[in-house]
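Q: output the structure for:
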Amino acid sequence: MKKIKKTDIAGLLNQWQKEFNVLVPSRESGVAEMGAWDGKDTTFLDWYRNTVIPPKASFLLNIEKMFSFSKDGGDYRLEPPAPSEQRQLIFGIRPCDAKALAMLDMLFEDSYEDTYYLSKRKRS
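A: Take a look at the predicted model:
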């Protein structure tokens, strides 16, 4: 096990931000939810308990482009969206939310293969 001082967390998050879209607990929108790391504000370490909007919202979007289609003469062509290469890192996730994601993984991998959910999880 490795420990890090609270004062060094901003530096660690900035390092990770070079490779990932880093999400941390935020109250910027007025409610506690996972939001983009701004590069400096670690005050969430002092107030964070639980988010109103859970981290699973990063994987289960309210609106998501699933395909586009075009008509070529009498034929229709369905085209899946281009896969995103953006990787994300969620910092500060609560144990209960981590367990919920593990349960969703089982549901969307074993019971029903949801490629949209799974592609986001693999990049996270």
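Q: what sits against the closest residue to Glu79 other than its chain neighbours?
A: Leaving aside its sequence neighbours, Glu79 sits nearest to Ser68 (C-beta to C-beta, 6 or more residues apart in numbering; 5.1 Å). C-beta coordinates here come from the backbone N, C-alpha and C atoms, glycine included. Listed by C-beta atoms under 8 Å, 6 or more residues apart in numbering, the contact set of Ser68 reads 78-79, 81.
Q: repeat the analysis, applying 10 Å as the threshold.
A: Contacts for Ser68 (C-beta atoms under 10 Å, 6 or more residues apart in numbering) come out as 77-81.
Q: cool, Phe91 as well?
A: If you count contacts by C-beta under 10 Å, 6+ apart, Phe91 has them with 9, 12-13, 16, 20, 22-25, 34, 37, 44.
Q: got it, and Glu109?
A: By C-beta under 10 Å, 6+ apart, the residues touching Glu109 are 117-118, 121.
Q: with Arg77 instead?
A: 67-71.
Q: about what we covered before: any idea how far Pro81 is from the residue nearest to Glu79?
A: Ser68 sits 7 Å away from Pro81, taking C-beta to C-beta, to the nearest Å as the criterion.
Q: could you pull out the strands in this protein for me?
A: Assigned by DSSP state E, the chain shows strands spanning 21-26, 33-36, 68-72, 75-79, 88-90.
Q: tell me which of the ones you listed is the most buried.
A: Stretch with highest mean neighbour count among these: strand 21-26 (a mean of 20; mean count of other C-beta atoms under 10 Å).
Q: can you dump the C-alpha coordinates of that one into PDB?
A: Coordinates of each C-alpha in strand 21-26 appear next as PDB, following Å, rounded to 0.1, in the frame of the first residue of the first chain:
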ATOM      1  CA  ASN A  21     -10.100  13.200 -18.500                       C
ATOM      2  CA  VAL A  22     -10.000  13.300 -14.700                       C
ATOM      3  CA  LEU A  23     -13.300  13.500 -12.800                       C
ATOM      4  CA  VAL A  24     -13.500  14.500  -9.100                       C
ATOM      5  CA  PRO A  25     -16.300  15.400  -6.700                       C
ATOM      6  CA  SER A  26     -17.600  18.800  -7.600                       C
END
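Q: that concludes my questions; thank you for your assistance.
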